[in-house]
Structures are given as C-alpha cells and as structure tokens.
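[1] With the input below, show me the fold.
(2 chains)
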Amino acid sequence: MSSPARVVVVGNPNTGKSTLFNALTGGNARVGNFPGTTVGTNRATLQRPGGPVELVDVPGTYSLAASSPDERVAIDAVLGTGRAPAPTALLVLADAPRLVRSLYLVLQLIELSVPVVLAVNLLDEAREAGIDVDLAALSADLGVPVIGTVARQAEGVLAVLAALDAVLADPSSATPGPLHPWTEAMDTDCDAVSATLPPHLAAQGAPGTPRGRAMGRWALLSADPAGRLPGEDKALPAIVVARRDALAAGRDLEAELVGTRYAWLDARRASWLGTGMPPSAGGWSERVDRVALHPVAGTAMFLLVMGLTFTALFSWADPMIGAIEGLFGWAGGWVSTGFDRWIAAAPAAAGVLVILRDLTVDGLIGGVGGVLVFLPQIALLFLFLAILEDCGYLARAAHLADRVLRTAGLPGKAFVPLLSGYACAVPAIMATRTMPRRRDRLVTMMVLPLTSCSARLPVYTLLIAALFPATIAGFVPLRPLMLAGMYVFSTLLALIAAVVIGRTVMAGRAEPSLIELPPYRVPGVRVVLRTVWARSADFVREAGGIILVATVLLWGLLYFPRYEPEQLLSGPEIAAAAAQGEDLDALIAPLALERSFGGRLGKFVEPAIQPLGYDWRIGIGLVGAFAAREVFVSTMGVVYGIGADADEESAALRDRLRAERRPDGTPRYTPLTGVSLMVFFAIALQCLSTLAVLKKEAGSWRWPAFTLVWMNALAWVAALLVYQGGRLLGLG
Amino acid sequence: MTLDELLPGQAAQIVRVNGQSPFRRRLLELGVLPGTPIQRTGQAPLGDPLTFEVRGAVLGLRRTDAAMVEVLP
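    Below is the predicted model:
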C-alpha cells in the first residue's frame, strides 16, 4: 500500500472520543493544525498487520450538518471536502447511555457508503443506569461491526483494533448500503440537488447512487436558510427550489430528513435496549446539579470555582515564571561571557562582536524568554479549564453565565473564550471556533482582548507597587484591592463593549443558544494534559514568532544608531567619570537611548500622550508594549538605565520611578499617572499577535483594523479623562 | 402549552418544534422531535436558561427558545 489507510474517529461531543483515541494510539499522537472543542485534530500512525493506519481524531459533532466552524472541521474530514484526503474508513463512537441520539449521526455516516466500525462507549455509565445494550442485535440491524468499549479503562480497545483490521481488509463487510428507503419525493429532490452540487462535492457520487443521494440529503440539511452550502457564497438554486416546492406541498423537509432516521431508530430501539423505561440521565449527576444549579449554592459555587482558579493561577505561576526568567538570565550571562572572551581575543572585530553579543543576548535570548515566560499562566489556566471541562462543570459554568452574557447580547458559549482571555487572547480567539454564529463569534473576538491577559499583570504590578502605599487607613491592603479592581474593571468593560458593539456595528437579533450539560465524570489525566499541550502549542505557534520578531525589532530600535562616549559627553565629563571610576557605558546608556530610533519615536508620539500625563520615556514603553504588553516593564528598565532584565519586582526600577521628576521638580509618576497608565493598558490593543490571530480567524483585515482603532481611541480618551479629571479634582 | 411553561420536574410529550434553522435543525437532530418525551429538570441559578432532559441528555435552553417547542403534558 503506497499511502496509509486513513481512519477518522468521529462521534458526539462528550462521548469519551479523545480518551478512546489516546487508548488506541498509546498517546504517541501529533497535534494537528485545527484546534477544536477540547483538543486539536490529533493524528497517529499505527503499524497494523495489514499495513500502516493513520488515525485522525476530530472535534465532536452531533450531525453532518455543521453549526460551528469546529464541527465543520470534523465534517470536512469525514466527507473528504477539506484539505485532507477522504477517509478509508470511519471509527464512530456512540454514547451508550444516549444510544439512539448518537446513532442519528451513525446513520448519516453509514449512508455515505464509507466503511464504518461502531464503538459503543461509556458502557460502564450505561450499566450503572441499568441500561444493557444488545451489541449483536445492533450490529445485525446496522450491518456494521459493533464493539462495546469503556475507553477510560481501555476496555474493548483491542477488539476495536481487530475490527478495524478486518474492515480495512474487507471494506464491504462494513458498508451495508441504504438501511431504509426515503420517500420518492425526497429521492427526486436529492437527485436534483446532487446534480448541481459544486465540483468538489459533486465528485463524491453521481446522482442516483447511494453516495450521491446521501450528499443530496446532506446538502438539503446543511444549507443555510438562504440556500448556501457551508463555505459557499452563493445559494444553490436546486436547494432553494426543492425547499420552496416542499413548502408548497406542505412538506417539512427538515423534519423529514431528521425524523425519518429517528423513526427507523425508535422502531428498533427495543431490540437493542429492551422494553424498559427510557433511561434517565439522572443518577448522581442530577443530585450534584441540585447543588451546582441551586440559585444560592450554585452561584456561590461558581464564584468559588472562579476565585480558586485565579488564586491558584497567580500563586502557582509565579515560581515557574521566576524559574524561566532565571534560566534565560543565566543563559544570557553565559553567552555574554563567551562573547566577551571572544572580543578580548579579537580586538579588531570588537565593534561587530559587541553588536552581535547584544543582539543574541538582549534580542534573541531575551525574545525567546519573553515568549516562554507567558507559558506558566497560559498552561495553568488551560489546565484548570480542561479539568473543569472534562469533569462536566465548565458546561454548567457557561450555562450559569448565559444569563449575564445574554444581557451583553452573547450566547453562553462565549463564556469559555472570554475566560481564556484572562490567560492570553491568542488561544482565546481560537477557542471561539466552538461558537455557532459568525456574528456572535466576531463580537466575542472583538471584545475579548479587553479581558485582563497575563501580559498586563506585570505592568499593573509594577505601577501599583511603585506608586501606591501598601495600606491605606493603616490596615486596608490597597495593592491587592487595586489589582482585583483592574480585573473587575476589564470584565465589566468587555461586557459593556459587547453590548455596544452588539447594538451598533454588529446589530442583530439575539439567536437561540443551546448548551448540553454532560454527566459529571472524573477527569482523565491524559485528555487533560493533551488539551493543555495543544493550547500551549497554539500560543507558541501563533504568537511566539511574532513576539520574538517584535522583541528583536524593538531591541534594534533602542540600540541603533550607536554612539561613542565622545559624541554624548564633553571631554572634561569623561575625564571626571573616569577619575571617579564610573562605568562610562552605563553613564551614556540613557543619553544614547534618547537619541536612538526608539527614543526619537518616543519623542514623536510625546505630543499625543502628554495630555494623558506621559512623557517620551513612557512613549518608548508604549511602543515596546506592541511586542507584548509586559515588554513595557523591561523597556522602562532600559529607559531608566537599570537594564533590560528589570522586572516588575525590581526595587531599583520602582525607586527610580518614584524619584523621577518633571522639569518643575514635581514627581513625574504620581498615583494619578499610575491610574491613567493602568486604564490605558487595560483598554488599548497593543498586541501584534492578537491582531494577527484576529485577522486569521475573522478572515479579513477589516475586523482587526476596526478593533485596533476603536480600542486604542477609547484607551486614549479614558486615560485622558482619568488624568485631566483627576487634575481638576486636585489629585496628582 | 410550550416547553418553558413546564414546572420543574414536569414531564410532557413534544408536539411540534417551531423556530428557525439552524437552531430548529439542531433541536430536531438532538432528538427533540414530535412524539418524544421530555422533562423539565430545573434551571440555571439565575433563573434562565432552563434545563430539560430528553433522550437521556440534559439540555440548557433559554426560556424564549424553549417557547419554540410545543408540548402536551
């Protein structure tokens, strides 16, 4: 066999699909390019007796008719309409406690005439609920191999692999053909539609063949109310005509397409599940929900879970961030020492080597460190999200937040992306792919950069520690309160922005919102870890390169042009410094910086930011913040000659900010300047990576450009109001 | 009556699913079909959305959306 057989693993969300995939592949899978609800499109190649088999895990879906970008990834993989080739076979997961509902998708897949192996998972949950699935009867009725599994305990995994081997050797054994007839009218409609499908879909099967008719049914069900197929700009006339004629004839096409399959399933369910009472989702999930969804206890639990998440986030991430900073500081020092030895050995090349040393240490090593320093907070927040998602609580949290989000014109599904924004807007914007409606997705993406991402934290920490007393009135801890205040401010701002955008630029009716609350489960370690890995990889891939390049560029802006001490200081000044044993380089650093390209840029923007209480030095910091917001802190370190390794805990930098004076002798940094700066940082969109990922996800530069303009304009106005208003009130 | 009028714990049978696609389509595909039994299990802490159990699954639906489903207790 030239290329490996391709098996796509597909099933409803929350059926343990990722768990089964991990069990099948032993965890040696690569994460692909399409992040989904929980994990990306994972792939793994298995060496089987019949040859290599590539297993592809895709986001969960309830149906072949996509209602979110995420589901479309899964459906494209199944149909072979995406970038990847069509699958050789499908491994479909059904959910034993919700068997009939998950078989609806199975029927759609069998109709495609692709070989199907059915794994009925969560047999343990079904047994607990008193449901006994007759797998043999199910297999006989469906005409495909059926294996019972408990993926969590790796039960049935070998049987699934054996069934896959058999089906790949003899595909006809799992391709039963049409299981039930459709009405003559439906077949006519489907043939008419499939005859006019766009080329890449028409290639799937000629009209009148089982596959052609299945594609016709898929098109009739998938097209939007205007008759457009997913990814197409124009309506397909045959679909519009078929729908109009059906309406005129009193037929409900949608109900027919869905209902016929359910009718076939409901007529046979007794032979698979027995004739007992229909199973109840109940059990202990229902008892937990009595607390988790209780008006008082549920709200308290929500606040407690969110509070614990953020507390743990900050206290656990700190040591890791320190370790990363330490590691890169050590690496920088090591490389620097090496260069210095080299410079001493080759004085002729010293000029070039010094620049090369500074580029490597401050630009490259500093840049990579600047990317990785974000990982602890991002990985930790996604660890908490993955645990909450896998145990079933995240859906409840979104369910609870729905009422609040609705006020802002957003569906409950906006909750997880917005929450992710507190780590980093880049993976958060990608997480909007689970949202069904494009308008809601765009609104969420556009307000999401307002949530207080981890790069803002060092800026707030520095300003609060430098400019505000530790306590007021003797005992009230002011600093933590101010920090918490910034998070509350950013949350309210994001919601208000959603209301305003949702009523103006993106005006539209509130669309229905539907959230499934899966049963509570013990989270699976490997599924959780893989999610954390996938999300962290998203960040490094989408933001890492941009942050690195921007850091090197910024280094160049602040480093060039180079000056000799003689150009900046007079002869006597140099002599005096030498006599007192002062380091000339340190002495000229702030002067050289003022004359650097970055310094000139800072002076250029100074008139625009002066009304906010800032000078050109802060201007340089604001320019630096475009690499990543927290670069503001190290840029201020450079500006004040403390060094690029100054962080928000640096006492020298704090003291320097406090000591800095205006020409008239008053402090440059007052608490009022601090608030004005924090408000500016809370609102402004300064992150190049966010803009890049916005462009990618929204599909055009229009939305990132719009977001850039309104957020920065608002940031300017708000900081102006704070500063000038404060001055009018006699503050600062 | 409609789904949003069911009391907590009250069961009913679905008669008709109104509303517009893609929402209506998704409801039908989740097995919210005429003839199917459905039960209101509760509601979110802030009183909305409501939760319903249908075909062994728990779904959260806003009151206004639940009003799209006609039921017979």
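[2] who touches A:Ile429 in this structure?
    For A:Ile429, the contact set (CB atoms under 8 Å, 6 or more residues apart in numbering or on different chains) comprises A:Pro417, A:Met445, A:Leu448, A:Thr690, A:Val693, A:Leu694, A:Glu697. Glycine gets a C-beta too; all of them are placed from N, C-alpha and C.
[3] Out of these, who's the most crowded?
    Ranked by neighbour count under the definition other CB atoms under 10 Å in any protein chain shown, the contacts of A:Ile429 are headed by A:Thr690 with 30 neighbours.
[4] Would you format the contacts of A:Ile429 as CSV with distance to chain B included?
    Converted to CSV, these look like this (distance: CB to the nearest CB, whole Å):
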residue, distance to chain B
A:Pro417, 18
A:Met445, 20
A:Leu448, 22
A:Thr690, 29
A:Val693, 26
A:Leu694, 25
A:Glu697, 20
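[5] Can you list phi and psi of B:Val32 for me?
    Here is the backbone geometry of B:Val32 (degrees, to the nearest 10): phi -80, psi 80.
[6] For chain B, what's the nearest residue on the stretch 201-350 of chain A?
    A:Gly298 (3.7 Å; CB to the nearest CB).
[7] re the thing from before, now, which of the contacts of A:Ile429 lie within helices?
    Under the assignment DSSP state H, these contribute A:Pro417, A:Met445, A:Thr690, A:Val693, A:Leu694, A:Glu697 to helices.
[8] mind checking which helix or strand the residue of the stretch 201-350 of chain A closest to chain B is in?
    With elements taken from DSSP states H and E, the one containing A:Gly298 is helix A:295-345.
[9] Can you spell out which helices and strands pack onto that helix?
    helix A:283-292, helix A:350-358, helix A:366-372, helix A:375-391, helix A:393-407 (3 or more CB pairs under 8 Å, 6 or more residues apart in numbering or on different chains; DSSP states H and E).
[10] Which residues does the first one contact?
    Meaning helix A:283-292. A:128-129, A:280, A:297-298, A:301, A:392-393, A:396, A:517, A:519-520, B:41-42, B:51, B:58.
[11] So for that helix, mean pLDDT?
    Per-residue pLDDT values over helix A:283-292 give a mean of 88.
[12] How about stretch A:148-160?
    94.
[13] Isn't A:Pro512 up against B:Gly60?
    No: look at A:Pro512 against B:Gly60 with CB atoms under 8 Å: they stay out of range, at 11.2 Å.
[14] Between those two, which is the more surrounded one?
    B:Gly60 (28 against 21).
[15] low-scoring stretches of chain B, by residue?
    Scanning chain B for pLDDT under 70 picks out no residues.
[16] can you pull out the strands in it?
    B:11-17, B:37-43, B:50-54, B:57-61, B:69-72 (DSSP state E).
[17] Can you spell out which helices and strands pack onto the second one?
    Contact analysis of strand B:37-43 by 3+ CB pairs under 8 Å, 6+ apart lists helix A:283-292, strand B:11-17, strand B:50-54 as its packing neighbours.
[18] Save these as CSV, and put in distance to A:Tyr104 and mean neighbour count too.
    Output for those, formatted as CSV (distance: least, CB to CB, whole Å; neighbours: other CB atoms under 10 Å in any protein chain shown):
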stretch, distance to A:Tyr104, mean neighbour count
helix A:283-292, 22, 16
strand B:11-17, 15, 16
strand B:50-54, 13, 23
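[19] Save the ones you listed as JSON lines, and put in distance to A:Leu55 too.
    Listed next are the helices and strands packed on strand B:37-43 as JSON lines, based on distance: least, CB to CB, whole Å:
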{"stretch": "helix A:283-292", "distance to A:Leu55": "30"}
{"stretch": "strand B:11-17", "distance to A:Leu55": "37"}
{"stretch": "strand B:50-54", "distance to A:Leu55": "32"}
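[20] Please identify which of those is closest to A:Tyr723.
    Taking CB to CB, helix A:283-292 is the member of these nearest to A:Tyr723, at 44.8 Å.
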